[in-house]
Each structure stands twice: as C-alpha cells, then as structure tokens.
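K.L.:
For reference, the sequence and a predicted model appear below.
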Amino acid sequence: MSQTARFQSFEDPSHREGAARVAALRAAMAQRGVAGFVVPRADEHQSEYVPANAERLAWLTGFTGSAGTAIVLADKAALVVDGRYTLQAAEQVDTAIVTPVPLAETSVEAWIEANLPAGGVLAYDPWLHTPDGLARLERAAQAAGGRVEATALNLVDLVWIDRPAAPRAPVVPHPDHLAGEAAAAKLDRVRAALDKARLDALVVSDPHNLAWAFNLRGGDVSHTPLPLGYAVIPRDGLPRLFLDARKVTAEALAALDGLAERHDPEALTEALDGLGAGKARVRLDAVTGAVALRRRIEAAGGSVDVGPDPITAMKAAKNAAEIAGTRAAHRRDGAAVTRFLAWLAREAPGGAVSEIDAVVRLEAFRAETGLLREIAFPTISGSGPNGAIVHYRVSRGTDRRVQPGELFLIDSGAQYADGTTDITRTVAVGTPSPEMRDRFTRVLKGHIAIATAVFPRGTTGAQIDSFARRPLWEAGLDFDHGTGHGVGAFLSVHEGPQRIAKTGTVALQPGMIVSNEPGYYKAQAFGIRLENLVLVEETSLPGAERPMLGFETLTLAPFDRALVAPELLTPAETAWLDTYHVRVRAALDDLVDPETRTWLATATRPLSEA
C-alpha cells in the first residue's frame with residue numbers, strides 16, 4: 001500500500017516569509033494612502049473551501065484554518081479566529097508580526113475600533129465581503145474616527161507574485177437518479193419562490209446552490225465537488241450561467257441545452273448592468289453575495305433585496321433519492337471506517353502508528369470501496385495533546401506516534417457520488433485513565449441525548465444544543481464549538497442553514513441532515529469528540545398534540561467500549577448504545593473482511609459483557 005495519501009497534503013504550514021509578505025502589503029497600503037487592509041479567509045463566494053488562488057490569508061500569515069480574518073495596519077496586525085482555531089493560529093503564525101486574537105475575547109470590529117488610527121482609511125476588497133459584513137466594518141471604522149474604502153484590486157494580489165491561476169476543473173452533470181429531481185423542476189420551484197416574494201431575479205452567488213439547482217458538479221475547490229461560477233435566474237425566461245467555457249464538458253452542455261444559457265464569467269457585469277437598467281428587483285444572498293454585486297446592480301438603476309437565497313432551504317431538505325443515496329454511502333463508509341478501527345486496534349498499542357499513518361490508511365480503506373471521489377475535508381488525526389486542538393491538521397512537522405495510555409481522535413469524511421459522510425471516533429490506546437473515561441462518557445451521554453431527542457416542528461438547533469452539553473455542564477465542563485452542522489448530498493460537508501448550535505436559529509425540517517458531535521478538550525492532554533450524522537424525520541408519540549420530529553442516526557461504526565464508564569449511564573442510555581452496536585454489526589458484517597468481522601463482534605457486544 002502506498003504511504004502517500006491520495007487527497008491530503010502533509011506539508012508544514014510555514015510563516016518563514018510572513019514578515020516579508022506583511023511588509024510588502026504595508027508598502028502597497030502606503031502607496032495608496034490607506035491605514036489598513038482587511039484580509040478575510042474568503043473567496044468571491046464567501047466559501048469555506050477556497051481555490052489556491054484565493055488562499056490569501058494563508059499566504060500572508062501562514063494560518064491554514066477555514067475561518068479567520070487578518071487586519072493589517074502600518075504598525076500592528078491581528079488575526080481574529082474562533083475557538084476552533086485558537087491553538088492552531090498561535091502555532092502557525094509569526095506572532096512577532098501578527099497577533100492571534102481569540103474571537104471570544106475581541107471581535108474583528110472591536111479590534112478595528114480600538115486600533116484604527118483617527119482619520120485612517122481601512123481598505124477592503126468588495127468581492128470578499130457581504131453587505132452585512134461591510135456594514136459592521138463601516139461602524140467600527142467610524143467609531144475609531146476613520147472610514148472604509150473599497151479597492152479596485154485586492155492589495156494582497158498586488159504583492160503575491162506567484163499567485164496560482166484560477167481553477168478550471170471539468171463541470172459534469174449530476175445524474176437525476178442521484179439528484180432525485182430534474183433541474184427543470186428545481187428551477188420551476190425557484191421561479192415560484194421569486195414570484196411569491198415579488199422579485200424579478202435571483203443572483204446565485206453560492207456555488208453549492210448553483211450545483212444543486214442545475215444538477216452540476218465540478219472540482220474547482222478541494223473536498224467539495226463545486227464548479228465556481230454565478231447564475232442569474234429571472235422570474236421569467238431562461239437562466240444564465242456564468243462558467244468558463246474551457247471547463248464545461250460536452251455532457252454538461254448537453255444537459256443545459258434548453259435549460260439555461262452559458263456565458264463566460266466576464267459577462268456577469270453586463271448581466272448585472274442589464275438587471276439594473278431594467279429597474280429589476282433582485283435578490284442577493286445575504287450569506288454569499290458580495291458587496292461588489294450589489295453595487296453594480298444599484299449603480300445601473302436596479303434595487304437589491306438582500307436576504308436568503310431560496311435555493312438554500314430547498315437544498316437542505318433532502319428528497320427520497322438523496323436520502324437513499326446517503327444511507328448507502330454511510331453503510332459503505334462505515335465498513336471502511338470499521339476496517340480502519342480494527343487495524344488501529346491491532347497496530348497502535350505497539351507504537352507503530354503515527355498520525356499521518358492513520359490518515360493514509362483510512363483514506364486507503366475508503367479508496368478500496370472503488371467509489372470514493374474525494375475526502376470531505378482534511379482528516380483531523382490527533383494523538384494525545386494534538387487531539388485537544390479542535391481542528392488540528394497534521395503535518396510532517398507536527399506528526400507524532402500514537403502512544404499507549406493516550407487517546408486518539410480521528411475526524412474524517414468522504415465524498416461519494418451518492419452521499420457525503422462525516423464521522424469522529426475517539427479511542428483509547430492501552431488503558432485509559434478514570435478522567436478519560438469520565439469525560440468520554442459525559443460526551444457520549446450528550447451524544448445520546450441528541451440522537452434520542454424528540455421535538456415539535458418549528459424547533460431550532462439552538463433549542464436543542466444544550467441537550468448535548470448538560471452532562472458536561474454538570475461537571476463544570478463545556479466545549480467551544482457547535483454541536484452540529486448541516487451536511488449536503490454529494491456537496492459540502494458543512495451546509496446551511498440548519499445547525500445545532502447556540503447560533504442555530506433555523507427550524508429543523510424533515511430531510512435535513514446534521515451532525516451530532518459534542519466534545520471535550522483538555523489542553524495539552526487529550527481531546528474527545530463523538531460524531532454521527534443524523535437525519536431529521538417525522539416521528540409519532542402517543543398522545544402528542546402537535547407534529548413531532550426526531551432523528552435517524554445514519555453513521556455506522558462502533559464507539560470504544562473501553563472508554564465508557566457504565567455507572568454514569570442511565571439504563572435508557574445503555575440500551576441505546578447496545579442497540580446501536582447491534583445495528584452496526586448487522587449492517588456491516590457482510591462488508592468487512594474476516595479479521596475485521598471478528599474484531600467487530602467484540603467491539604459491539606453488550607456493555608454488560610466484559
């Protein structure tokens with residue numbers, strides 16, 4: 001088996017050139033008479049995963065996380081990151097040049113208000129900020145006695161001499177039998193939503209929504225099968241797709257025939273001008289629609305209605321074909337993960353397995369299914385203290401061996417044509433400590449509380465987020481990330497608008513898929529996270545007076561029984577775990593090799609059995 005991973009790079013993030021790059025940016029700022037420049041981790045679509053030519057934050061600072069914002073002034077610079085990346089940012093950036101700032105302590109806006117000099121101009125790229133985000137920057141700059149100003153060209157791009165070219169991965173059709181609905185029917189639903197809202201057109205700025213609505217897939221970014229581009233869907237008439245002709249395959253063109261017009265990306269500005277000239281009322285997505293789009297339409301005389309793209313909600317509620325595909329993908333993926341866990345149980349106690357070894361082997365097991373398209377995100381493979389870094393990304397410089405007496409956390413996912421997976425398991429290598437078992441069991445109790453939750457229609461993720469935290473709160477503990485995120489169908493592993501989190505304000509609907517992943521992290525010691533994906537479904541309760549919903553667990557792989565403290569579980573929680581393990585064994589038994597099958601029988605036996 002090759003020791004080179006198919007999809008994941010282990011190159012060390014480097015900040016060796018950070019000082020020179022920040023200095024070059026400051027020189028560009030000085031030439032233009034601006035006091036500061038904002039560098040978000042974003043592309044023109046506000047994407048989580050961005051193409052290489054949009055990795056401006058990583059190039060400038062060395063920080064490779066999927067979320068963060070740098071503010072560079074003439075004499076200081078800050079990198080604001082959320083709780084997932086606090087430790088990672090401190091390790092990756094040159095702190096003599098850029099100061100990592102936890103979001104929990106200071107927001108981007110608060111830092112600007114406190115540090116932008118009076119009278120100073122804070123420059124920004126209008127393609128990398130939404131109208132709401134810009135409004136926050138404006139308020140912060142004004143509070144500091146300064147102002148914001150858009151740049152015609154991104155100042156980082158001016159000094160990034162070897163910046164990669166824009167991607168041109170092939171755009172292909174996504175088959176109707178997997179999509180579950182023809183693109184023409186989806187577009188009819190979009191037009192109906194526009195008509196109901198009295199809108200003349202929708203600018204589709206989110207590539208996920210473009211891919212879903214037109215039943216297309218691509219490969220312009222890592223881990224998510226996206227074609228980067230835009231679309232304009234009018235209430236009447238043919239939609240227009242703005243995609244580079246060099247990446248649109250003949251099959252995709254045939255699928256689009258009579259459905260939409262294809263134009264080169266450069267024609268987007270002319271289309272926006274046309275909307276404005278026609279005095280159109282245009283919906284612009286509040287989450288992904290750039291300020292530059294709004295200004296172009298309004299400058300030409302149109303009106304922009306900033307709000308939710310209606311496609312987002314449509315995409316979130318999976319249809320029967322997408323659900324069937326997702327179940328099949330999870331069974332296939334569960335077998336690969338279980339083969340990995342059996343291999344780890346054999347090899348890790350002897351100290352022969354490193355974090356990178358684990359990533360490579362898990363990718364190989366998935367690849368052996370013959371259906372793996374990509375990994376869904378860079379695998380988080382954390383041994384001992386590295387497991388306490390929530391979004392740890394192993395590199396050759398940080399790689400360490402899995403040691404007896406430690407916990408090993410692996411968070412991974414896969415992209416198959418019929419579904420997207422995401423699973424986290426935490427396992428003990430050798431004998432775990434009482435503290436490890438206590439913390440693991442509290443996380444498991446929270447996981448079970450979400451898995452078994454029953455709630456009325458209209459309930460939001462924020463309302464059930466605390467179910468997962470209560471067992472930790474009772475011991476004075478917590479975790480600094482959401483309990484669950486939405487997941488797509490052969491699309492993004494992080495999909496909105498649904499989420500189980502303190503900020504999850506969208507009502508959960510049947511067909512939505514979310515993760516169930518409470519955790520606990522002890523800095524410099526160990527991390528624990530237990531993640532399954534769950535499907536929101538209708539359920540019934542005797543005597544219920546209103547429609548009720550619950551969850552079907554989709555993910556299939558054992559939990560580590562050695563880390564469970566049975567005395568902390570209620571009889572109902574024990575029954576849930578035993579029943580889940582019976583289901584896992586029944587689903588996977590005929591998909592794994594004899595050696596794994598023997599391990600699986602032991603790993604899934606009732607908790608009461610030693």
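P.N.:
It's in. Residues are numbered from 1 along each chain as shown.
K.L.:
Pull the distance from stretch 397-416 to the chain's centre.
P.N.:
On the basis of Cα atoms, centre = their mean, to the nearest Å, stretch 397-416 sits 19 Å off its chain's mean C-alpha point.
K.L.:
what does stretch 92-102 give?
P.N.:
24 Å.
K.L.:
Start and end of it, how far apart?
P.N.:
Stretch 92-102 has its terminal residues 14 Å apart, counting by Cα to Cα, to the nearest Å.
K.L.:
what does that stretch rub up against?
P.N.:
Contact with stretch 92-102 is made by 13, 15, 18-19, 22, 61-64, 70, 76-83, 86, 89-90, 111, as judged by Cβ atoms under 8 Å, 6 or more residues apart in numbering. To be clear about C-beta, it is placed using only N, CA and C from the backbone, and glycine gets the same treatment.
K.L.:
show me what contacts the most centrally placed residue in the chain?
P.N.:
Nearest to the geometric centre of the chain sits residue 494, at 3.2 Å (Cα atoms, centre = their mean). Contact analysis of residue 494 by Cβ under 8 Å, 6+ apart lists 48, 377, 485-487.
K.L.:
could you redo the last one with a cut-off of 7 Å?
P.N.:
Residues near residue 494 by Cβ atoms under 7 Å, 6 or more residues apart in numbering: 48, 485.
K.L.:
ok, it to residue 194 distance?
P.N.:
Applying Cβ to Cβ, to the nearest Å, the value for residue 494 to residue 194 is 27 Å.
K.L.:
same question, residue 512
P.N.:
From residue 512 to residue 194 the distance is 23 Å (Cβ to Cβ).
K.L.:
Looking only at neighbour counts, state which of the two leads.
P.N.:
Using other Cβ atoms under 10 Å as the criterion, residue 512 and residue 194 rank with residue 512 on top: 25 against 21.
K.L.:
Verify the contact between the more buried one and residue 315 for me.
P.N.:
No. Contact status for residue 512 versus residue 315: not in contact, 10.1 Å apart, counting by Cβ atoms under 7 Å.
K.L.:
OK, contacts around residue 262?
P.N.:
Contacts for residue 262 (Cβ under 7 Å, 6+ apart) come out as 241, 243, 248, 256.
K.L.:
Strand partners (parallel or antiparallel) of the helix or strand harbouring it?
P.N.:
Remark: residue 262 resides in strand 261-263, with elements defined by DSSP states H and E. According to DSSP bridges, strand 261-263 forms sheet pairs with strand 240-242 (parallel).
K.L.:
Please point out which parts of the next helix or strand after the strand it pairs with sit buried.
P.N.:
Once the chain leaves strand 240-242, the next helix or strand it forms, by DSSP H and E, is helix 250-256. Neighbour-count burial for helix 250-256, counted by 16 or more other Cβ atoms under 10 Å, picks out 252, 255-256.
K.L.:
Tell me where the stretch 51-200 of the chain has strands.
P.N.:
Secondary structure of the stretch 51-200 of the chain (DSSP state E, counting those that start in this stretch): strands at 69-73, 77-81, 99-102, 121-124, 147-150, 172-173.
K.L.:
Now do the contacts for the closest residue to residue 231 other than its chain neighbours.
P.N.:
Nearest residue to residue 231 in three dimensions, chain neighbours excluded: residue 204, at 3.9 Å (Cβ to Cβ, 6 or more residues apart in numbering). Residues near residue 204 by Cβ under 7 Å, 6+ apart: 210, 213, 230-231, 233, 309, 311.
K.L.:
before we move on, what SS does residue 465 have?
P.N.:
Three-state call for residue 465 (DSSP: H, G, I helix; E, B strand; the rest coil): helix.
K.L.:
any idea which helix or strand comes after the biggest helix by length in the chain?
P.N.:
Across the chain, the longest stretch assigned as helix under DSSP state H is helix 320-347. The helix or strand immediately downstream of helix 320-347 is helix 355-367, counting by DSSP H and E.
K.L.:
Name the residues that touch that next one?
P.N.:
Here helix 355-367 makes contact (Cβ under 7 Å, 6+ apart) with 1, 3, 5-8, 10, 333, 336, 339-340, 343-344, 372, 375, 379, 381-383, 386, 394, 399-400, 410, 412, 414.
K.L.:
In helices, which of those residues fall?
P.N.:
333, 336, 339-340, 343-344.
K.L.:
So which of those residues is the closest to residue 538?
P.N.:
Nearest to residue 538 among those: residue 333, at 25.5 Å, using Cβ to Cβ.
K.L.:
Tell me which residues touch that closest one, please.
P.N.:
The contact partners of residue 333, by Cβ under 7 Å, 6+ apart, come to 366, 414, 421.
K.L.:
Pull out the buried positions in the least confident helix or strand in the chain by mean pLDDT.
P.N.:
Within the chain, no helix or strand scores below helix 86-92, which has a mean of 83 by mean pLDDT, DSSP states H and E. For helix 86-92, the neighbour count (16+ other Cβ under 10 Å) marks 86-89, 91-92 as buried.
K.L.:
next one: stretch 544-561
P.N.:
Using 16+ other Cβ under 10 Å as the test for burial, stretch 544-561 gives 549-551, 553-561.
K.L.:
Straight-line length of that stretch, end to end?
P.N.:
Stretch 544-561 has an end-to-end distance of 35 Å (Cα to Cα).
K.L.:
got it, and stretch 93-106?
P.N.:
Calculated as Cα to Cα, the first-to-last residue distance of stretch 93-106 is 18 Å.
K.L.:
just how off-centre is it within its chain?
P.N.:
Distance, stretch centre to chain centre, for stretch 93-106: 23 Å (Cα atoms, centre = their mean).
K.L.:
Show me where the stretch 401-550 of the chain has its helices.
P.N.:
434-451, 461-473 (DSSP state H, counting those that start in this stretch).
K.L.:
Of the ones you listed, which is nearest residue 38?
P.N.:
Across these, residue 38 has its closest neighbour in helix 461-473 (28.9 Å, Cβ to Cβ).
K.L.:
Distance across stretch 531-547, terminal residue to terminal residue?
P.N.:
Taking Cα to Cα, stretch 531-547 runs 27 Å from one end to the other.
K.L.:
and it, how far from the chain's centre?
P.N.:
25 Å.
K.L.:
Flag every buried residue along it.
P.N.:
Of all the residues in stretch 531-547, those buried under the rule 16+ other Cβ under 10 Å are 531-536, 539.
K.L.:
got it, and stretch 433-444?
P.N.:
So, applying 16+ other Cβ under 10 Å, buried residues of stretch 433-444: 436-444.
K.L.:
Make TSV from these and add pLDDT and distance to residue 566 to it.
P.N.:
Shown next, in TSV, are those (pLDDT from 0 to 100; distance: Cβ to Cβ, whole Å):
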residue	pLDDT	distance to residue 566
436	98	15
437	98	10
438	98	12
439	98	15
440	98	12
441	98	8
442	98	13
443	98	15
444	98	11
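K.L.:
and which of those is nearest residue 473?
P.N.:
residue 442 (9.4 Å).
K.L.:
Just the contacts of helix 355-367: which are in strands?
P.N.:
372, 375, 381-383, 410, 412, 414 (DSSP state E).
K.L.:
Would you mind measuring the gap between the ends of stretch 217-228?
P.N.:
Taking Cα to Cα as the criterion, the two ends of stretch 217-228 lie 10 Å apart.
K.L.:
Could you check it and say which residues are buried?
P.N.:
Neighbour counts over stretch 217-228 (16+ other Cβ under 10 Å) mark 217-228 as buried.
K.L.:
now stretch 510-530
P.N.:
Applying 16+ other Cβ under 10 Å to stretch 510-530 flags 510-522, 526-530 as buried.
K.L.:
how far is that stretch from where the chain is centred?
P.N.:
In terms of Cα atoms, centre = their mean, the centre of stretch 510-530 is found 14 Å from the chain centre.
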